[in-house]
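Enquirer: curious how this folds, go ahead:
(chains A and B)
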Amino acid sequence: MKKKKKIKQPLTIEQRIRRREFLSFGVFGALGIAGYSGWKWLYKAPQEKPGITAGAKLPLRRALNKTELFFRRLAFNESHLAKTYPVAMAAKNVRHNSDIGAEGNIEETSWRLQVLKKDGTKLSVSLNEIKALPKTELVFDFKCVEGWDQIQYWGGLRFMDFVKHFGLQDEAQLDYVGLMTPDKGYYVGIDMPSAIHPQTILAYEMNGKPLPPNHGKPLRWIIPVKYGIKNLKRIGSITFSNQRPPDYWAEQGYDYYSGL
Amino acid sequence: MRWTHWVNFPLLAIMIWSGMLIYWANDVYTVTIFGHTFVRFFPQWFYNTLHIPQRLAEGMAFHFLFMWFFTLNGIFYVLYTLISGEWRELWLKRRSFKEAWQVVLHDLHIRKTAPPQNKYNAAQRVAYSAIILMGIGSVLTGLAIYKPVQFNWLAWLLGGYHLARIWHFVLTIGYVLFFLIHIIQVILAGWNNFRSVVSGFEVYEKKEKN
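Expert: Reported below is the predicted structural model:
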């Protein structure tokens, strides 16, 4: 009986080329498909459950939060100031984007700023009380999330000084400040380090004159370490909390932090 | 190196797409010389057919996620070429610019001879070095407009927020131009060359002597 022997012939060059080619194109194709399905998964990922934030895909919202936290820890420092400019460089015609929550006009005399304190009591502050305190002026590059920026000139009371004067130091130990228009139509949440940043002001002047109705008369929030969406017009109430206060644009898919 | 190349392709595509979603929220950039607007990047019909303006938040979310992958991929590529020594084939040499011009003339059939080369010719050295610098530039300008207050020194270095944003766009246009030329060159270089970029080896046919 003859034993059948399988003799392995050494592969020819041609075969080896073909084999390697097959292998590498196979891997290439497989990874391509994997990458594409990963992308498709992300693109069709379910929306987050509506809460304080809403309107973004769940994985993207997680990534946004993580990324913002990373940059906050890496770089945020209250001594980092937004660049300021000479008054002459400020725009005479200040850009106006939206009036949500601050439509129409409001009389200064009928307006009060409501501050909800930790113990449940309310402060009711008039504009004159705020104007009586030292004024801070600020000329900085206002940046909109849409991409435009404009050098603008604002004047008002530093929020830091406001906190000190009205004895809100305990409140300032909490994590967030919530701001709302009188009609509750627009609202923002601000992390405390950004709120007590030395350039954050309760503004009552624009270009040296009282605020016009479409720019937040009589008092608005100017916060250079945030995009324009966080610069609420016509403040009605201020609250303090350890939970994130509701935020108008964070409910529409934008980042909650929106810091610069 | 091949891996980072192929990973970069979809990443850059996603970055440009999501970047466009952001830009379309406020499309102000035009090329205007002496008051005459030559280029308005996207005309109105473009928006009407694609229903674009509502997607700014989505664009930002994608952009700020994929920036990580883009940056890491770039770092990985640079480290790899440095450690493997392959940078010697890629990076500029003293004569590269002069020779690159000769290569261009040669490729356009204006000049008959091309200067001697190794793996990559001088024009490729210039292009592949430039694209790395552009990548670094995109990350830096991006960072400057992402956190212009926290990284205000960076924004200042780049000429301020406004200018940094324009640099960021110019670089993007640069990628598109690079891509177009790149694709044309790949087609001209032929199948064997393309295969080598996928598989990592090239096939040379030996001419038999009779």
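Enquirer: count the residues that sit near the nearest residue to B:Asn152 once chain neighbours are set aside.
Expert: In space, and not counting its chain neighbours, B:Asn152 is closest to A:Lys83: 5.9 Å by Cβ to Cβ, 6 or more residues apart in numbering or on different chains. For glycine as for every other residue, the C-beta is placed from the backbone atoms N, C-alpha and C. The local packing of A:Lys83 (other Cβ atoms under 10 Å in any protein chain shown) involves 16 other residues.
Enquirer: now swap in A:Arg158 and tell me
Expert: Neighbour tally, A:Arg158, other Cβ under 10 Å: 21.
Enquirer: A:Ser241 versus that one, what's the distance?
Expert: Per Cβ to Cβ, to the nearest Å, A:Arg158 is found 21 Å from A:Ser241.
Enquirer: before we move on, what about A:Gln9?
Expert: 78 Å.
Enquirer: and the two? Which one has more around it.
Expert: Between A:Gln9 and A:Ser241, A:Ser241 has the larger neighbour count (other Cβ under 10 Å), namely 15 against 7.
Enquirer: can I assume A:Trp221 sits in a helix?
Expert: No. Secondary structure of A:Trp221 (DSSP: H, G, I helix; E, B strand; the rest coil): strand, not part of a helix.
Enquirer: direction included, what does the top strand by length along chain A pair up with?
Expert: The longest strand of chain A (DSSP state E) is strand A:149-158. Here strand A:149-158 is paired, per DSSP bridges, with strand A:136-143 (antiparallel), strand A:201-206 (antiparallel).
Enquirer: and the helix or strand just after it, how far from the chain's centre?
Expert: In the C-terminal direction, the helix or strand that comes right after strand A:149-158 (DSSP states H and E) is helix A:159-165. From the chain centre to the centre of helix A:159-165 is a distance of 22 Å (Cα atoms, centre = their mean, to the nearest Å).
Enquirer: then stretch A:114-127?
Expert: Stretch A:114-127 sits 25 Å away from the centroid of its parent chain (Cα atoms, centre = their mean).
Enquirer: quick revisit: comparing the strands paired with strand A:149-158, which comes out most buried?
Expert: Most buried of the strands paired with strand A:149-158, by mean neighbour count (mean count of other Cβ atoms under 10 Å in any protein chain shown): strand A:201-206, with a mean of 23.
Enquirer: for that strand, output the C-alpha coordinates as PDB.
Expert: Below are the C-alpha coordinates for strand A:201-206, written out as PDB (Å, rounded to 0.1, in the frame of the first residue of the first chain):
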ATOM      1  CA  ILE A 201     -22.300  91.700  35.700                       C
ATOM      2  CA  LEU A 202     -26.000  92.700  36.300                       C
ATOM      3  CA  ALA A 203     -26.000  95.200  33.500                       C
ATOM      4  CA  TYR A 204     -28.300  98.200  33.400                       C
ATOM      5  CA  GLU A 205     -26.400 100.300  30.900                       C
ATOM      6  CA  MET A 206     -25.400  99.700  27.200                       C
END
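Enquirer: parallel or antiparallel, which strands does whichever helix or strand comes after it pair with?
Expert: Once the chain leaves strand A:201-206, the next helix or strand it forms, by DSSP H and E, is strand A:209-210. Partner strands and pairing direction for strand A:209-210 (DSSP bridges) are strand A:201-206 (antiparallel).
Enquirer: alright, calling it a day.
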